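*Asks:* I need the structure of the sequence given here:
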Amino acid sequence: MDNRFSMQGRNAIVTGATRGIGLAIARGFLDSGATVTLCGRKQEGVDAALADLAGGGTGDDNSGGDHSCVDHSENVLGIAAHVGKVEDIERLISAAEERFGPVDTLVNNAGTNPYYGPIAESEDWAWDKTMDVNLRGPYLLSRRVAVKMLAGDGGSIVNISSVAGLEAAPAQGIYSVTKAGLIMLTKVMAREMGASGVRVNCICPGVIRTKLSAALWEEEKAAKEFLARKALGRFGEVDELVGAAIYFASDASSFTTGAVLQVDGGMVI
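*Replies:* Numbers count the residues shown, from 1 in each chain. Next up, the predicted model:
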């Protein structure tokens, strides 16, 4: 049964993979036998992630623990790209194909949340930037990769949404809207492409201790109130998303598509 979770022979693109959840998933895929092309917006972030995965241990503090003894450099490629820009996406796919062959696994993890507050007090730039990265990017990249998967042997697309996409999140309204849209994108693409061997699934993390979610777990009073709603009584760590990503990307989930999996510590209220 362990072989069902093997990523041996899989070729993945993971976006937003220079730190946090994305870097942890990239490392988990590599540990499971896949080749991985990771991307981030800034070259310095990409370089740091590659050094981390090569055993240098220079990645982000929230990259998933100490894995510096494992050298994955032969099986990983790093590309600086903005997922909201068509030319960057096409360059990313071309680089992945040139280095490792056809892409059969895609993880849309890149995300942003530049505005924290009521929608009525927000500004247009916040909507545009959040929508650009969180929803337009996955749409653009998924569509292009899906066309290739449909013409080949199929594949798996994994979208990283959020529990904020399942219910209204106070002061995170714009972010919630984009993550709800990503859930629907998952379901529509799963319905359209399932018969052709392309599976599309979605993971909805709760609060995971990353820089993106720092506003939710760094302030003591707010953190205490939030944890009172969790069955496990704690925040999540980035490594705790890896198992779900491997499940959806591997043959272990061969009869699963259009699924939305909450990995949130048990939201009880």
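
*Asks:* Can you list the strands that the helix or strand harbouring residue 38 pairs with?
*Replies:* Taking DSSP states H and E as the criterion, residue 38 maps to strand 35-40. If you go by DSSP bridges, strand 35-40 pairs up with strand 11-15 (parallel), strand 76-80 (parallel).

*Asks:* got the contact list for the nearest residue to residue 45 once chain neighbours are set aside?
*Replies:* Leaving aside its chain neighbours, residue 45 sits nearest to residue 18 (3.7 Å; criterion: C-beta to C-beta, 6 or more residues apart in numbering). In short, each C-beta sits where N, CA and C put it, glycine included. Contacts for residue 18 (C-beta atoms under 8 Å, 6 or more residues apart in numbering) come out as 38, 39, 40, 42, 45, 46, 48, 49, 59, 60, 78.

*Asks:* which one among those gets closest to residue 238?
*Replies:* Here the nearest of those to residue 238, counting by C-beta to C-beta, is residue 60; it sits at 9.3 Å.

*Asks:* just the CA coordinates of stretch 122-134, formatted as PDB?
*Replies:* The C-alpha coordinates for stretch 122-134 follow below in PDB (Å, rounded to 0.1, in the frame of the first residue of the first chain):
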ATOM      1  CA  SER A 122     -10.700  48.500   1.300                       C
ATOM      2  CA  GLU A 123      -9.200  50.000  -1.900                       C
ATOM      3  CA  ASP A 124      -9.300  48.700  -5.500                       C
ATOM      4  CA  TRP A 125      -5.600  47.900  -5.500                       C
ATOM      5  CA  ALA A 126      -6.100  45.300  -2.700                       C
ATOM      6  CA  TRP A 127      -8.900  43.500  -4.700                       C
ATOM      7  CA  ASP A 128      -6.900  43.500  -7.900                       C
ATOM      8  CA  LYS A 129      -3.600  42.200  -6.300                       C
ATOM      9  CA  THR A 130      -5.300  39.500  -4.300                       C
ATOM     10  CA  MET A 131      -7.500  38.300  -7.200                       C
ATOM     11  CA  ASP A 132      -4.500  38.400  -9.600                       C
ATOM     12  CA  VAL A 133      -2.400  36.000  -7.400                       C
ATOM     13  CA  ASN A 134      -5.000  33.900  -5.700                       C
END
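
*Asks:* how about it: buried residues?
*Replies:* Using 16 or more other C-beta atoms under 10 Å as the test for burial, stretch 122-134 gives 122, 126, 127, 129, 130, 131, 132, 133, 134.

*Asks:* What of stretch 258-267?
*Replies:* Neighbour-count burial for stretch 258-267 [16+ other C-beta under 10 Å]: 258, 259, 261, 262, 263, 264, 265, 267.

*Asks:* Same check on stretch 219-236?
*Replies:* By neighbour count with 16+ other C-beta under 10 Å, stretch 219-236 contains the buried residues 226, 230, 235, 236.

*Asks:* quick check, nearest of these to residue 173?
*Replies:* Of the buried residues of stretch 219-236, the one sitting nearest to residue 173 (C-beta to C-beta) turns out to be residue 226, at 17.3 Å.

*Asks:* gap between the most centrally placed residue in the chain and residue 171?
*Replies:* When C-alpha atoms, centre = their mean is applied to the chain, the residue found nearest the centroid is residue 109 (2.2 Å). Counting by C-beta to C-beta, to the nearest Å, the separation of residue 109 from residue 171 is 23 Å.

*Asks:* Tell me which residues are up against the helix or strand hosting residue 185.
*Replies:* Element membership for residue 185 (DSSP H and E) is helix 173-193. Helix 173-193 is contacted by residues 108, 113, 115, 118-119, 122, 126-127, 130-131, 134-135, 138-139, 142, 146, 149-150, 157, 159, 161-162, 164-169, 198-202, 204, 257-258, 260 when judged by C-beta under 8 Å, 6+ apart.

*Asks:* which helices and strands does whatever helix or strand comes next after that helix pack with?
*Replies:* Next helix or strand after helix 173-193 toward the C-terminus (DSSP H and E): strand 198-205. In terms of contacts (3 or more C-beta pairs under 8 Å, 6 or more residues apart in numbering; DSSP states H and E), strand 198-205 is packed against helix 137-151, strand 155-160, helix 173-193, helix 242-249, strand 260-263.

*Asks:* Format those as CSV; extra columns: distance to residue 12 and mean pLDDT.
*Replies:* Below are those laid out as CSV (distance: least, C-beta to C-beta, whole Å; pLDDT from 0 to 100):
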stretch, distance to residue 12, mean pLDDT
helix 137-151, 10, 97
strand 155-160, 9, 98
helix 173-193, 17, 97
helix 242-249, 7, 98
strand 260-263, 18, 96
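
*Asks:* Appreciated, that's everything.
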